[in-house]
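1. I need the structure of the sequence given here:
(one chain, ligands or ions: 1)
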Amino acid sequence: MSAIERIQCLIIGSGPAGYTAAIYAARADMKPVLYEGLQPGGQLTTTNEVENFPGYRDGVTGPEMMIELKEQAQRFETDVRPGFIDRVDFSGDVHKCWSEDGTEIHADTVIISTGASAKYLGLESEQKYLELGGGVSACAVCDGFFYRGHETVIVGAGDSACEEAHYLSKLCTKVTMLVRKEEFRASKIMAERVRKTENIEILYNTETKEVLGDGQLVTGVKAINNKTNEEIEIPCTGFFVAIGHKPNTDIFKEFLKLDETGYIEYEKPGSSYTNVEGVFVAGDAADKTYRQAVTAAGTGCMAALDAERYLSAKH
Ligand code: NDP
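-> Here you go, the predicted model:
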């Protein structure tokens, strides 16, 4: 059996929240250990161009930005490790965590930055153009800009879909919204705003059958009316999926307060405290509203400062 590793600060997850927390924790001499998780670099590694992160005047690709963040964290001697934490026990004074290779870590503080994963429809054609960077996206605020003056299609009927459709309507000539039921799930006010927007066409009872393309770029969407079985083709260059996110918080549910979707709840508003002392959260694992790289980085900074103050008060 391997020895137990005792550390001051464990950071779980390697998106902008995790690396920013690492930069601050390392500079505060907390000697952080960061586990990269199942998707090193997080959601940004599936994004092409990032143009809205302050400081990158000419933009940067998602993967490049994550390499820079990682190297910045390593410059201050963050111990960045491949692999993931698959079990925790937050029931005692010491926070016990286990990695998938069996390493047992006892950490004074834990910063959770495991993020969330966008849900996709799972169609082969959708995944193909997503991987090619050819016009499939799950984030209108990130990618809408690239479709200025174009026609786009968005799937979903919740608050996110309404917000994103409205955002796209200001950039695109036309937005077609595919709603699978005959009503929205979104709040009345959000749905009403979409209904009143002239260049948004809403197709109810409509499901996506296939994302059409020329082998490189999206050219349209084949959809079907689930009441009449009528099929239609909608020309577009961008296909946006806004059917919800799943926060990566399953391993914490026994110990932390989560909301009904699984987002970690903050114990104190305006801080990164969870309901367990010494355990802090940053980024999309607790954020269903903003979900931006820059907000994740900001909360990563907050978590490291909160962890540092917690440790100082204890010793
Ligand atoms: P939701 O889970 O609320 O909505 C998901 C939507 O996607 C539903 O309309 C659902 O349809 C649809 N959907 C799911 N799977 C499919 C599928 N396979 N094909 C077609 N459609 C599908 O997720 P949101 O991300 O919209 O919102 C999450 C939470 O965040 C909510 O609590 C929301 O209120 C909140 N939020 C608040 C905002 C604000 O207040 N500004 C902004 C954004 C989010 P169906 O209805 O048929 O099940």
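2. On the three-state scheme, the residue of the stretch 1-150 of the chain found nearest the ligand is what?
-> Residue nearest to the ligand within the stretch 1-150 of the chain (CB to the nearest ligand atom): Leu121, separated by 5.1 Å. For the C-beta atoms, the positions are set from N, CA and C on the backbone; glycine is no exception. Under DSSP: H, G, I helix; E, B strand; the rest coil, the three-state class of Leu121 is coil.
3. Looking at strand pairing, list the partners for the residue positioned nearest the centre of the chain.
-> Nearest residue to the geometric centre of the chain (CA atoms, centre = their mean): Ala116, 4.2 Å. For Ala116, the beta-bridge partners under DSSP bridges are Pro247.
4. Tell me who's in contact with it.
-> Applying CB atoms under 8 Å, 6 or more residues apart in numbering to Ala116 gives the contacts 43, 245-248, 263, 284-285, 288, 291.
5. filter those to the buried ones?
-> 43, 245, 247-248, 263, 284-285, 288, 291 (16 or more other CB atoms under 10 Å).
6. Glu77: which of those is nearest?
-> Checking the buried ones among the contacts of Ala116 against Glu77 by CB to CB gives Ala285 as the nearest, at 25.0 Å.
7. For the residue in the chain that the ligand sits nearest to, grab the count of nearby residues.
-> The minimum distance from the chain to the ligand, using CB to the nearest ligand atom, falls at Gly158 (2.4 Å). When neighbours are counted by other CB atoms under 10 Å, Gly158 registers 17.
8. residues near the closest residue to it other than its chain neighbours, how many?
-> Leaving aside its chain neighbours, Gly158 sits nearest to Arg185 (4.8 Å; criterion: CB to CB, 6 or more residues apart in numbering). Close neighbours of Arg185, defined as other CB under 10 Å, add up to 16.
9. Return the backbone torsion pair for Arg185.
-> phi -90, psi -20 (degrees, to the nearest 10).
10. I'd like the distance from the lowest-mean-pLDDT helix or strand in the chain to the chain centre, please.
-> Counting by mean pLDDT, DSSP states H and E, the chain has its least confident helix or strand at strand 49-50, which shows a mean of 80. Put simply, strand 49-50 sits 15 Å off its chain's centre (CA atoms, centre = their mean, to the nearest Å).
11. For that strand, which outside residues touch it?
-> 44, 56, 59-62, 65, 142, 146, 293.
12. from those residues, which would you call buried?
-> So, by 16+ other CB under 10 Å, the buried ones in the contacts of strand 49-50 are 44, 60-62, 65, 142, 293.
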